[in-house]
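*Asks:* this one's structure only:
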C-alpha cells in the first residue's frame, strides 16, 4: 500500500498549557504509540496540539474530517468538569450523529480503576465518513479506554465505507461479523 493509500488518522491534544509549551504533551504521543502498536495496516497520523477553545476545537475537527479526510480522529484532553473542558461540546456541535456507547464503555472501564472516572465526559460521534472519539488526558487512561473501544472501531469505519483498518490480533482483535453463507 502506498503512503497515499494509507488511512488518515487525526490526533488532537486539547490543552491550554501544552499548546503554550508549558509542559510536554504526553496524550498525543500516547495515542500515536497505541495506534502503532495495534494497527498493522498503513496509516498516516495528522497530529496537533491546540488550546481549550471550543471554536478552535470545532474548526480543527472539521478540518481533519472534511478537508484532510481522516477516517478516525482521536482527541485527548478537555473532557473533565472544569469550565475550560469543552471538547465534548465541540465534538457534539460538529457531529452529524452521536455514538454514545463509546463514552459509556470508556467510563465503565475507567470506573473499575478509579472512582473519579465518573467525572469524565468522553463522547464519540460521526462527521461525514469520520469517527471522532474523545479520550481522557492521562496516557494510562488513554490506553485503558482505547483497549475497551478499539475492537469496534475498524468495523465502524467499514460501515462508513472508509479504509480497512487491520489490527494485530495478538494485541487487539477487531470485531467484524462473520459473513453468512449464501447457500
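*Replies:* Received it, and whenever you're ready, just let me know what you need. All values derive from a computational prediction rather than experimental measurement. Numbers count the residues shown, from 1 in each chain.

*Asks:* what pLDDT is listed against residue 31?
*Replies:* Per-residue pLDDT puts residue 31 at 98.

*Asks:* packing partners for the helix or strand hosting residue 73?
*Replies:* Residue 73 is part of strand 72-76 when elements are defined by DSSP states H and E. Packing partners of strand 72-76 (3 or more C-beta pairs under 8 Å, 6 or more residues apart in numbering; DSSP states H and E): strand 7-14, helix 27-38, helix 54-62, strand 130-135. C-beta: built from backbone N, CA, C; applies to glycine.

*Asks:* now do the helix or strand just after it: distance to the chain's middle.
*Replies:* For strand 72-76, the following helix or strand on the C-terminal side (DSSP H and E) is helix 87-94. On the basis of C-alpha atoms, centre = their mean, to the nearest Å, helix 87-94 is displaced by 13 Å from the centre of the chain it belongs to.

*Asks:* same question for stretch 81-96.
*Replies:* Centroid displacement of stretch 81-96 relative to its chain, using C-alpha atoms, centre = their mean, is 14 Å.

*Asks:* buried ones in stretch 65-85, by neighbour count?
*Replies:* Neighbour counts using 16 or more other C-beta atoms under 10 Å place 65, 69-80, 85 of stretch 65-85 among the buried residues.

*Asks:* from one end of it to the other, what's the distance?
*Replies:* 21 Å (C-alpha to C-alpha, to the nearest Å).

*Asks:* could you list the low-confidence segments of the protein?
*Replies:* 1-4, 180-183 (pLDDT under 70).

*Asks:* out of the buried residues of stretch 65-85, which is nearest to residue 97?
*Replies:* residue 65 (13.0 Å; C-beta to C-beta).

*Asks:* residues near the closest residue to the closest one other than its chain neighbours, how many?
*Replies:* Leaving aside its chain neighbours, residue 65 sits nearest to residue 130 (3.7 Å; criterion: C-beta to C-beta, 6 or more residues apart in numbering). Neighbourhood size, residue 130 [other C-beta atoms under 10 Å]: 27.

*Asks:* okay, now the sheet partners of the strand holding residue 73, with direction.
*Replies:* According to DSSP bridges, strand 72-76 forms sheet pairs with strand 7-14 (parallel), strand 130-135 (parallel).

*Asks:* distance between it and the chain's centre?
*Replies:* Relative to the chain's own centre, strand 72-76 is displaced by 3 Å; criterion: C-alpha atoms, centre = their mean.

*Asks:* follow-up on the earlier one: which among the helices and strands packed on strand 72-76 is found nearest to residue 157?
*Replies:* The closest of the helices and strands packed on strand 72-76 to residue 157 is strand 130-135. By C-beta to C-beta, the value is 6.4 Å.

*Asks:* quick one: that closest one to helix 87-94, angle?
*Replies:* Relative orientation of strand 130-135 versus helix 87-94 (axes from the mean of the first three to the mean of the last three C-alpha atoms, to 10 degrees): 160 degrees.
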